[in-house]
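S.K.: quick one, what's the 3D model for this:
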Amino acid sequence: MTETIPPGTRFARLPSPFHFKRGGSLSGAVLAYETWGELSPSGDNAILILPGLSPNAHAAANASNPEPGWWEAMLGPGKPIDTNRWFVVCVNPLGSCKGSTGAASVNPDTGRAYRLDFPDLSIEDGARAAREVLRELGIERLACVIGNSMGGMGALAFLLLHPGLARSHIQVSGAPQALPFSIAIRSLQREAIRLDPNWNQGLYDDHAYPENGMRIARKLGVVTYRSAIEWDGRFGRVRLDSECREDDPFGLEFEVERYLEGHARRFVRTFDPNCYLYLSRSMDWFDVAEYAGGDLMKALASIRLERALSIGVHTDILFPLQQQEQVAEGLRAGGANSEFLALESPQGHDAFLVDIARFGPAIGGFLAKL
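M.R.: Prediction:
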């Protein structure tokens, strides 16, 4: 499939060659980003947002693209991340298919898509790429780096690799390392894609596309993004009307099945399967403990910040609450004024995207104190 790039996306060119942590390099690579607000004369009001696996750089409407973004309720004039005060930069992750160079991008050396010739991708590679965006914008120090989900991992890598570049940090439903349950889920998602005959060792096209593999992978993901409480309250055991059921003895029968199917079908042609594989695996590899001889808390304590906030929800099974608490404790041990906030949202891992009533005051209140 071709890359899908929102209107108004800007691009920062990465150093050429851009070397990867696990070996290999890229030439002519770029990182996609968008901005909101104005950089102050002293350059002290910049915020960097590192998103999760699937979002593009378009977190909210702006002058270049008035369409609502994936964090529209959080970012903008008078909103929790108030662009009347802050100059906000949101990047699309390296390895994605939403503008940043990834497996779906054209390799300038061959004139064809990288596919599985793309180098092994790590979270740290994305963090180093994000630094180049700041360099291009003339930002010497950030007021705050905000990381959501996979971006929370990226933010910790950013802070470890670029000490002193950020005054504060907000960790939103992220983690300092991948836990076995999360690894297992992502492994099953990747297996579903790779076992689809149309994946063809990464050599698919729009006519022979691994649709079934991507559908199953997305369904597995969505099940873990929300909580059992929400599934029960939203769907219960409601069955489909007889005319909506498939003529199949094992076909869709419940409303929750139809919801997952519809959600998956809307996703499959909007994200490149190979990019999905690379980004998924990068999360499994990430482990802050590598930076302190296997001692996770010591590694977190080596990060120097003025303030930090780590937020999670009790119902998150993918990046469970104890991981955000670890981040808060580790950063506090390093000398930061570090807060931990456990929210009661019933909406699981995706709560930060939809439960703005809880996350908005927490994030806005923290930023107001900077």
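S.K.: the helix or strand where G262 lies - contacts with which helices or strands?
M.R.: G262 belongs to helix 255-268 when assigned by DSSP states H and E. When contacts are defined as 3 or more C-beta pairs under 8 Å, 6 or more residues apart in numbering; DSSP states H and E, helix 255-268 sits against helix 211-225, helix 228-235. (Each C-beta comes from the backbone N, C-alpha and C, glycine too.)
S.K.: comparing those helices by mean pLDDT, which bottoms out?
M.R.: Least confident of those, judged by mean pLDDT, is helix 228-235 with a mean of 90.
S.K.: where do the helices of this structure begin and end?
M.R.: 123-137, 150-161, 180-195, 211-225, 228-235, 255-268, 273-285, 296-301, 321-333, 351-354, 356-368 (DSSP state H).
S.K.: so which of those helices gets nearest E38?
M.R.: Nearest to E38, of all those, is helix 123-137, at 11.7 Å by C-beta to C-beta.
S.K.: list the contacts of that closest one.
M.R.: Helix 123-137 is contacted from outside by 12-15, 18, 20-21, 29, 31, 33, 35, 39, 46, 48, 50, 89, 91, 93-95, 100, 142, 150, 153-155, 157-158, 161-162, 165, 282-283, 285-286, using C-beta atoms under 8 Å, 6 or more residues apart in numbering.
S.K.: let's see it at 7 Å
M.R.: The contact list for helix 123-137 (C-beta atoms under 7 Å, 6 or more residues apart in numbering) reads 12, 14-15, 20-21, 31, 33, 48, 50, 89, 91, 93-95, 153-154, 157-158, 161-162, 282-283, 286.
S.K.: with stretch 34-48 instead?
M.R.: For stretch 34-48, contacts defined as C-beta under 7 Å, 6+ apart pick out 8-10, 57-58, 60, 62, 64, 75, 81, 83, 85-90, 130, 134, 138-140, 142-146.
S.K.: hmm, back to that, quick one, the helix holding G262 and helix 273-285 angle?
M.R.: Angle, helix 255-268 to helix 273-285, by axes from the mean of the first three to the mean of the last three C-alpha atoms, to 10 degrees: 110 degrees.
S.K.: list the buried residues in helix 255-268.
M.R.: E255, V256, E257, R258, Y259, L260, E261, A264, F267, V268 (16 or more other C-beta atoms under 10 Å).
S.K.: now tabulate those in JSON lines and tack on distance to A357 and pLDDT.
M.R.: Below are those laid out as JSON lines (distance: C-beta to C-beta, whole Å; pLDDT from 0 to 100):
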{"residue": "E255", "distance to A357": "25", "pLDDT": "90"}
{"residue": "V256", "distance to A357": "24", "pLDDT": "91"}
{"residue": "E257", "distance to A357": "29", "pLDDT": "90"}
{"residue": "R258", "distance to A357": "28", "pLDDT": "90"}
{"residue": "Y259", "distance to A357": "23", "pLDDT": "91"}
{"residue": "L260", "distance to A357": "26", "pLDDT": "93"}
{"residue": "E261", "distance to A357": "29", "pLDDT": "92"}
{"residue": "A264", "distance to A357": "28", "pLDDT": "92"}
{"residue": "F267", "distance to A357": "26", "pLDDT": "92"}
{"residue": "V268", "distance to A357": "31", "pLDDT": "91"}
